[in-house]
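**Q** okay, predicted coordinates and the sequence, questions at the end:
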Amino acid sequence: MDVTRAVHERRAFRSLLPADITGELIRDLAQHARLAPSCFNNQPARFVFVRDRAMLEAMRSALSEGNRWAHDASLVVAVFSRKEDDCVIRDREYHQFDCGLASAFLILRATELGLVAHPIAGFSPKKVVETLGIPGDCKVITLIICGRRNPELSPVLSEKQKEWELERPERLPVDKIAFLDRYGAAL
């Protein structure tokens, strides 16, 4: 699969089936994430790959109610960093951007391997830090929920989540997000 195909096939599915999460797979995902660009090559992104059943169970308490579907995950990846480990230029803290880039590389690789890799914001960073033993000076940026796509809808999905599962949510048109030379100027 090429990158264009991975970008087009990537979806934030919520109905999951178990996936075989091997140490080799985790190392592969980590290798791809570490190749992402970062400010001055500081590489601030850190990851905890959670695959142990008891640890996945413990992570459930960190999830918001709207993310109950994530209880079916075979792997949860906690993505975190520290502001001090990356560029801070005036008020711009690059560690968050660089974690986003590394997460995107991981997600595209997972997609290429036939997995769902769904980043979420609905979680308690404090509970994630406590559960996984992440140092307290780190900021948890996202959790990436991984499994195989289940063609049958999860019974815990809301009506809106069911809609999103069945049809890709509409994307903004290019002319709403991209401009030429100046804000508002059409491409």
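**A** Yep, it's here.
**Q** centroid-nearest residue for the chain?
**A** Nearest to the geometric centre of the chain sits P119, at 2.9 Å (C-alpha atoms, centre = their mean).
**Q** can you list the strands that the longest strand anywhere in the chain pairs with?
**A** Counting by DSSP state E, the longest strand found in the chain is strand 139-149. If you go by DSSP bridges, strand 139-149 pairs up with strand 16-17 (antiparallel), strand 75-81 (antiparallel), strand 116-120 (antiparallel).
**Q** can you tell me which of the ones you listed comes nearest to A102?
**A** strand 75-81 (7.1 Å; C-beta to C-beta). To be clear about C-beta, it is placed using only N, CA and C from the backbone, and glycine gets the same treatment.
**Q** so what touches the next helix or strand after that closest one?
**A** Moving toward the C-terminus from strand 75-81, the next helix or strand (DSSP states H and E) is strand 88-89. Residues from elsewhere that reach strand 88-89, judged by C-beta atoms under 8 Å, 6 or more residues apart in numbering: Y94.
**Q** what separates strand 88-89 from the chain centre, distance-wise?
**A** Its chain's C-alpha centre lies 24 Å from the corresponding centre of strand 88-89 when counted by C-alpha atoms, centre = their mean, to the nearest Å.
**Q** could you give the average pLDDT over it?
**A** The pLDDT scores in strand 88-89 average 94.
**Q** list the strands paired with it, with their directions.
**A** Sheet pairing here is set by DSSP bridges, and for strand 88-89 it gives strand 92-93 (antiparallel).
**Q** contacts for the strand it pairs with, please.
**A** Here strand 92-93 has contacts from 83, 86, using C-beta under 8 Å, 6+ apart.
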